[in-house]
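A.B. asks: sequence first, then the predicted structure, then my questions.
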Amino acid sequence: MDIARTEARDAAPTPDGGLFDPTRAVAEHAAQAPDIVAVRAYDGTYTFDELNRRADAIAAELLRLGAGPETTVGAHLDRSRDLVATLLGIWRAGAVFVALDPAHPSARLAAVVEDAEVAVLVTRQDTQITGRSIPLLDPGSVPRGEDVAAPGPSALQSLAYVVYTSGTTGEPKGVGITYGNLANLLAAVTTLAPAEGQEGGNILAPSFDGWLWSTLIPLVNGRGVVLADPRNDERALLRGEVAFVTATPSFLAANEPAAAGASPHTVVSAGEPCAPDLAARWSAGRRFVNAYGPTETTICATWADSAAGDDPVTIGHPLPNYRVQVFDDRLRPVADGQVGELYISGAGVGRGYVNRPGVTAARFRPDPSGNGERMYRTGDLVRRRADGALEFAGRADGQLKIRGFRVEPGEIETAARALQGVRAAAAFASTTPAGTVLALAVVADKDNAQVAQEAVREGLRAALPEHLVPSRIFFTEQLPRTVAGKTDLAELVRLLEAKGDGIAPEPDLATPTQRLVVRIWSEALDVPVHSADSDFFELGGHSLVATRVVATLRKETGVRLTMRQLFANRTVGELAAALDALIAKQQAGV
């Protein structure tokens, strides 16, 4: 794995001067309060003592298999208690954590495994993700022997984890973050930890670096973390079950906050811009933090904290040991109130991109002040207010943010062009009543003019994670161009809207359950649903709206519909038939 080392600056060691180690923090809490629940998940709980022992056993087995510093270990696990134990076990072995979300397509996982040069795969499945033979380790079958003295991280500049993000070249790129980067962040955000006797919640996916933040902030401070089960109602963690939770603005917008003063007491908005009305709604009666930070700068670099009197409409001020600068396109500082590009330096700046020295050099640049530091070019446009707070003003490039995920249109377009029958494609953002969704314009080959929309969607689903699969796909004879020869995104939006014009037909529905599904979809999506063939995703549906739909259908039918079943039954007719089958099964007592 080719990723250059750099010196860690201003890292946050433990108070006694030693190297901060999250696994050591968990071990100390296990010794002090062994019976406190550390992790709650769909598959059970671990107390701090149980979590510590399980992590120790996993670390011992990883060491036996050759894992160690700079060795990448893939965690191919869902949101289970053993995923947390595996994370700590990997770090206790001094190795590098790489999340491999089982929900992602096998081709995507294989690409990550090869690019990261994964040496050991922790998984419950007896399968090889790639053709290369990799040792497998089942975290649930590791024997619980005596405590093993594992080394833990050996140096601040050693890699702690690699997170894969959408790439402009059409392939995901891995961001390397060191133990020093992580130590600085955790030291800077300890005030987010729940109070004694309370727990934090984690509603995020493991492939999202916010999952690490949501897991570690409670744990290293001796508090438990509750992992949401995506197959059930993730919204429960916003209704009083936990004291601290981080969510995207899209998720917050799809839900109502609990009464002022009720749990969660601290809500962090992260991953995409937070609208003023949303910040006002969720900050009433609780601490509200609008957090900002690219993956390359260790999850969070600046924040606006209502507890400190910050305006949560801004992205606030830098965290300790971070520095921010606003430059024009010639790296000259811009005046307060003027828009420029944000550059971040300090202890949170990661090592760079795995196996991509050219991209690393382009994005991680020497500070022009000559202080020897590197700074990360974010691509985000901001303006600095007179009080020093930063206001987000958009992107300097074509990158999109969809429901908190970073989306490079080039990755979707590359995957689309690889499909049979597709000559050209352009990905762009489309605003719907249900929120901002990903759209794709497709130009078919002349020899394959009959290529089907669903064939394109399924082809993309086989190659890309769900958040990169466009909700809206349409065909056009050619991609519109601006006078400069670039794809005319504004014209694509107009073409998409034009294809949705016309008088909606009356719904043609055969069963009461179909009518129920149509009513609930229409309310959740805020668009009229016309027939049993209407497709949830083509109407602008996505995972956040799906959460609300599943919860409402459960309430009105009394059956345990899951998110997975909604995704597998995309049309009104298919979902109604699945619901009828569940109802019949429940009435039969099966």
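C.D. replies: That came in fine, so what should we check first? Numbers count the residues shown, from 1 in each chain.
A.B. asks: pretty sure D488 contacts P480?
C.D. replies: Yes. In terms of CB atoms under 8 Å, D488 counts as a neighbour of P480; the distance is 4.1 Å. Using the backbone N, CA and C atoms, a C-beta is placed for each residue, glycine as well.
A.B. asks: state the distance from the closest residue to G261 other than its chain neighbours to G293.
C.D. replies: Take G261 and drop its neighbours on the chain: the residue closest to it by CB to CB, 6 or more residues apart in numbering is G285, 5.0 Å away. G285 sits at a distance of 26 Å from G293 (criterion: CB to CB, to the nearest Å).
A.B. asks: repeat for G388
C.D. replies: According to CB to CB, G388 stands 17 Å off from G293.
A.B. asks: so which of the two has more stuff around it?
C.D. replies: Looking at G388 and G293 with other CB atoms under 10 Å, you find the greater number of neighbours at G293, namely 25 against 12.
A.B. asks: isn't the more buried one up against C300?
C.D. replies: Yes. G293 lies in contact with C300 (CB under 8 Å); the separation is 3.9 Å.
A.B. asks: anything in contact with each of those two?
C.D. replies: By CB atoms under 8 Å, 6 or more residues apart in numbering, G293 and C300 have these common neighbours: A270.
A.B. asks: what does stretch 377-388 contact?
C.D. replies: Residues outside stretch 377-388 that contact it (CB under 8 Å, 6+ apart): 294, 297, 314-315, 317, 326, 336-344, 362-365, 390-397, 399.
A.B. asks: show the buried residues in these.
C.D. replies: Buried by 16 or more other CB atoms under 10 Å: 294, 297, 314-315, 317, 326, 340-344, 363-364, 390-392, 396, 399, out of the contacts of stretch 377-388.
A.B. asks: helix or strand: which one has L216?
C.D. replies: helix 210-219 (DSSP states H and E).
A.B. asks: what packs against that helix?
C.D. replies: For helix 210-219, the elements it packs on are helix 22-32, helix 81-92, helix 179-188, strand 199-202, strand 224-227, strand 244-247, judged by 3 or more CB pairs under 8 Å, 6 or more residues apart in numbering; DSSP states H and E.
A.B. asks: can you give the distance of the third one from its chain's centre?
C.D. replies: Right, the one you point to is helix 179-188. 19 Å (CA atoms, centre = their mean, to the nearest Å).
A.B. asks: just the CA atoms of it, as CSV, please.
C.D. replies: What follows is helix 179-188, C-alpha atoms only, in CSV (Å, rounded to 0.1, in the frame of the first residue of the first chain):
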residue,chain,number,x,y,z
TYR,A,179,-3.5,7.5,15.1
GLY,A,180,-2.2,11.0,15.7
ASN,A,181,-5.0,12.5,13.6
LEU,A,182,-7.6,10.5,15.5
ALA,A,183,-6.1,11.3,18.9
ASN,A,184,-6.3,15.0,18.3
LEU,A,185,-9.9,14.8,17.2
LEU,A,186,-11.1,12.8,20.2
ALA,A,187,-9.3,15.1,22.6
ALA,A,188,-11.0,18.1,20.9
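A.B. asks: on contacts alone, who are the packing partners of that helix?
C.D. replies: strand 159-165, helix 210-219.
A.B. asks: what does the last one give?
C.D. replies: Contacting strand 244-247 under the criterion 3+ CB pairs under 8 Å, 6+ apart are the following elements: strand 199-202, helix 210-219, strand 266-269.
A.B. asks: and the next element down the chain from that strand?
C.D. replies: Heading C-terminal from strand 244-247, the first helix or strand you meet, by DSSP H and E, is helix 249-253.
A.B. asks: got a list of contacts for that following helix?
C.D. replies: 203, 238, 267, 269, 271-275, 278, 282, 403-404, 435-436, 544, 547.
A.B. asks: likewise stretch 275-283?
C.D. replies: 249, 252-253, 257, 267, 269, 288, 290, 306, 312-313.
A.B. asks: how about the residues you listed in JSON lines, adding neighbour count and pLDDT?
C.D. replies: Formatted as JSON lines, the contacts of stretch 275-283 follow (neighbours: other CB atoms under 10 Å; pLDDT from 0 to 100):
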{"residue": "P249", "neighbour count": "22", "pLDDT": "85"}
{"residue": "L252", "neighbour count": "23", "pLDDT": "85"}
{"residue": "A253", "neighbour count": "20", "pLDDT": "79"}
{"residue": "P257", "neighbour count": "19", "pLDDT": "86"}
{"residue": "V267", "neighbour count": "22", "pLDDT": "95"}
{"residue": "S269", "neighbour count": "29", "pLDDT": "95"}
{"residue": "F288", "neighbour count": "25", "pLDDT": "96"}
{"residue": "N290", "neighbour count": "28", "pLDDT": "97"}
{"residue": "S306", "neighbour count": "19", "pLDDT": "95"}
{"residue": "P312", "neighbour count": "21", "pLDDT": "93"}
{"residue": "V313", "neighbour count": "20", "pLDDT": "91"}
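A.B. asks: widest-spaced pair of those residues?
C.D. replies: Using CB to CB, the two most remote members of these are A253 and S306, lying 17.9 Å apart.
A.B. asks: helices and strands around the lowest-mean-pLDDT helix or strand in the chain, which ones?
C.D. replies: Ranked by mean pLDDT, DSSP states H and E, the helix or strand of the chain with the weakest confidence is strand 400-402, at a mean of 76. Strand 400-402 is packed against strand 405-407, strand 422-432, strand 435-444, with contacts defined by 3+ CB pairs under 8 Å, 6+ apart.
A.B. asks: is it true that L219 touches R24?
C.D. replies: No. Judged on CB under 8 Å, L219 makes no contact with R24 at a distance of 11.7 Å.
A.B. asks: which one of these two has more residues nearby?
C.D. replies: L219 (25 against 18).
A.B. asks: what about that one, distance to A85?
C.D. replies: 11 Å.
A.B. asks: between the two, what contacts are shared?
C.D. replies: In contact with both L219 and A85: V39, using CB under 8 Å, 6+ apart.
A.B. asks: helix, strand, or coil at the most centrally placed residue in the chain?
C.D. replies: By CA atoms, centre = their mean, the mean C-alpha position of the chain lies nearest to F208, the distance being 2.9 Å. Three-state call for F208 (DSSP: H, G, I helix; E, B strand; the rest coil): coil.
A.B. asks: would you list the phi and psi of it?
C.D. replies: phi -100, psi 130 (degrees, to the nearest 10).
A.B. asks: so which of the helices and strands packed on strand 400-402 is the most surrounded?
C.D. replies: Of all the helices and strands packed on strand 400-402, strand 435-444 has the most neighbours on average by mean count of other CB atoms under 10 Å, namely a mean of 22.
A.B. asks: sheet partners, orientation included, of that one?
C.D. replies: strand 422-432 (antiparallel), strand 472-475 (parallel) (DSSP bridges).
A.B. asks: which helices and strands sit right next to the helix or strand just after the shortest one?
C.D. replies: Per DSSP H and E, the first helix or strand lying C-terminal to strand 472-475 is helix 489-499. In this structure, helix 489-499 makes packing contacts with strand 422-432, strand 435-444, strand 472-475, judged by 3+ CB pairs under 8 Å, 6+ apart.
A.B. asks: what's the angle between the second one and helix 489-499?
C.D. replies: Between strand 435-444 and helix 489-499, the angle formed by their directions is 90 degrees, by axes from the mean of the first three to the mean of the last three CA atoms, to 10 degrees.
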